[in-house]
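A.B. asks: Requesting a structural model of the entry that follows:
(one chain, ligands or ions: 2)
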Amino acid sequence: MRHTKVKDLLNSTTTLQEVNAKGWVRTFRNNQFIALNDGSTINNIQCVVDFENTPDETLKRITTGAAISVIGTLIESKGAGQKYEIQVNKLEILGDSDAEKFPIQPKNKPSLDFLRENAHLRVRTNMFGAIMRVRSVLSFAVHNYFQQKGFVYVNTPIITGSDAEGAGEMFKVTALPFDNTPRTEDGKVNYKEDFFEKETNLTVSGQLEGETYAMALGQIYTFGPTFRAENSNTSRHLAEFWMIEPEVAFNNLDDNMDLAEDFIQYVIKYALDNCQDDLKFLEGRLLDEEKSKPQAERSEMALLEKLNFVLENNFKRVSYTEAIDILRDSTPNKKKKFQYIINEWGADLQSEHERYLVEKHFKCPVILFDYPANIKAFYMRLNDNTEPGRETVRAMDILFPGIGEIVGGSEREERYDVLIEKMKALEIDEEELSWYLDTRRFGSATHAGFGLGFERLVLFVTGMTNIRDVIPFPRTPGNAEF
Ligand code: 4AD
Ligand code: MG
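C.D. replies: Numbers count the residues shown, from 1 in each chain. Ligands and ions are numbered 1, 2, ... in the order given. The predicted structure follows:
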């Protein structure tokens, strides 16, 4: 007999003579009521054991974490909270779970820290089951959105020979030995003897390769792992994260902002429509977590309200120059509450500034655009009407409440000569990026794209507060367990 998923049993429209369910015991009460979960839904199915006719030996083995199979009748539940339950006729223990040793005991309310150390088992909790189902649905929504619009999914390389994007510190990839490393005459590592016969790294972004594909296929997107070796031990940074990077030929910065906003609203709506039970649970979790915080630090909106708010309101589009004026005149700046005081135009914005703009000033998602050229990447398009000494580029960052930067993107510098000048000024090797420059040498055109950090999106949608809790096995400085 095939077993039926708990989700389907709970959604049944009739009682059923004989069903089989398999899953893991969450709790076992009164020697009678098993809460069984199989990961198909956040909801458990109650399995009622006929304890008088079940050997004590078996009852003792129904412990939290044990894998079991039950065969019985799906009947209407007399208890509150569920429509159906299983009246068990036959119970089989598939895998024992020693009650003394199984680390995830619901009654102990394990801390998030403890759960991170047990990342291989934390997914057996309601919270992590919900997060990971939402994450999965969001990935599907990402593909759905772009596929429906005719974008081509491109797999850009993970091992890359170019390190010129400058998006972050890179992890080296090498097959050379650490002792007896082959050296050149001047004592440098001789990469000619390495696997690829050159220096290689893990990618920090698929953008440059993505651009070459956009300049042939029109609209493309990437969705893959990205690596940054920055020593940022924050609740927003991972050393390995997933990024979505669309790139579109003939789009300018306004089109790029429209695309990013529409895309984010689509995927959030998709999660709201398809993850109701999980999101309701996560909303409750957040409320609980916030009870321990002072009133002023609590969110003004509950999770679902916040997600709906993002769908129903346009993102506020603000130029960097306007943002600087707002920040300079802000109370925390005047009272020197910011760690980095904003004195003049040209200052790079820190996350405290971004969060002030979004959470205190505008109170909605914000798109900042037209940043100073010298704090942004070389490939961003120089604005036409820019004053000398105050050059700006067609860059955009999308800032979200509680998250800060969720998207970074730009219109690209499509003019060969301007791009070369910029690369010279920044001492970027033209030879090494010759392939990239070919997009500007042959059939160049306006184009634009952006990168969205997938985990930051999952953070926002799930209402979690630490990025380590929205990826199965987080990689951060000092931590690569599992
Ligand atoms: O702003 P970033 O560095 O932009 C790029 O990499 C461009 N090449 C994107 C493009 O135009 N195609 O990164 C994009 C986004 C950030 O806004 C942030 O959401 C996320 O990637 N991100 C990180 N997420 C988690 N951990 C990190 N260390 C991250 N660094 C960036
Ligand atoms: Mg950025």
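
A.B. asks: Residue 43 is in contact with residue 8, isn't it?
C.D. replies: No: contact between residue 43 and residue 8 fails when scored by Cβ atoms under 8 Å: they sit 11.6 Å apart. Quick note: C-beta positions are derived from backbone N, CA and C, even for glycine.

A.B. asks: need the residues of this structure near ligand 1, please.
C.D. replies: Counting by Cβ under 6 Å from any ligand atom, the positions of the chain adjacent to ligand 1 are 167, 205, 207, 228, 237-238, 241, 243, 245, 405-410, 449-451, 453, 455-456.

A.B. asks: which SS class is residue 368?
C.D. replies: Here residue 368 is strand, with the state taken from DSSP: H, G, I helix; E, B strand; the rest coil.

A.B. asks: what's the closest non-adjacent residue to it?
C.D. replies: Excluding its sequence neighbours, the residue lying closest to residue 368 (Cβ to Cβ, 6 or more residues apart in numbering) is residue 397, at 5.0 Å.

A.B. asks: now residue 362
C.D. replies: Spatial nearest neighbour of residue 362, excluding adjacent residues (Cβ to Cβ, 6+ apart): residue 316 at 4.8 Å.

A.B. asks: Let me know how buried that neighbour is, in neighbour terms.
C.D. replies: 16 (other Cβ atoms under 10 Å).

A.B. asks: check contacts around it.
C.D. replies: 362, 364-367 (Cβ atoms under 8 Å, 6 or more residues apart in numbering).

A.B. asks: Could you do residue 406 as well?
C.D. replies: Applying Cβ under 8 Å, 6+ apart, the residues near residue 406 are 264, 398-400, 452-453, 456-457, 460.

A.B. asks: Please, which helix or strand holds the residue nearest to residue 368?
C.D. replies: Using DSSP states H and E, the element containing residue 397 is strand 392-400.

A.B. asks: Run the chain-centre distance for that strand.
C.D. replies: The chain centre lies 19 Å from the centre of strand 392-400; the measure is Cα atoms, centre = their mean, to the nearest Å.

A.B. asks: Put the alpha carbons of that strand into CSV.
C.D. replies: This file holds the C-alpha atoms of strand 392-400, laid out as CSV (Å, rounded to 0.1, in the frame of the first residue of the first chain):
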residue,chain,number,x,y,z
THR,A,392,27.0,60.3,-11.2
VAL,A,393,26.2,56.9,-12.7
ARG,A,394,22.9,55.2,-13.6
ALA,A,395,23.0,52.9,-10.6
MET,A,396,20.2,51.8,-8.4
ASP,A,397,19.9,50.0,-5.1
ILE,A,398,16.6,48.8,-3.7
LEU,A,399,16.3,49.1,0.1
PHE,A,400,13.8,47.1,2.2
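
A.B. asks: Where does the prediction get shaky in the protein?
C.D. replies: 164, 166-167 (pLDDT under 70).

A.B. asks: With adjacent residues omitted, what lies nearest to residue 196?
C.D. replies: Once flanking residues are discounted, residue 196 sits nearest to residue 161: 6.7 Å by Cβ to Cβ, 6+ apart.

A.B. asks: these two touch, right, that neighbour and residue 200?
C.D. replies: Yes: Residue 161 is in contact with residue 200 according to Cβ under 8 Å; the separation is 5.4 Å.

A.B. asks: State the distance from the residue nearest to residue 196 to residue 230.
C.D. replies: Using Cβ to Cβ, to the nearest Å, residue 161 is found at 21 Å from residue 230.

A.B. asks: again with residue 376
C.D. replies: Taking Cβ to Cβ as the measure, residue 376 falls 17 Å from residue 230.

A.B. asks: try residue 418
C.D. replies: With the distance defined as Cβ to Cβ, residue 418 ends up 29 Å from residue 230.
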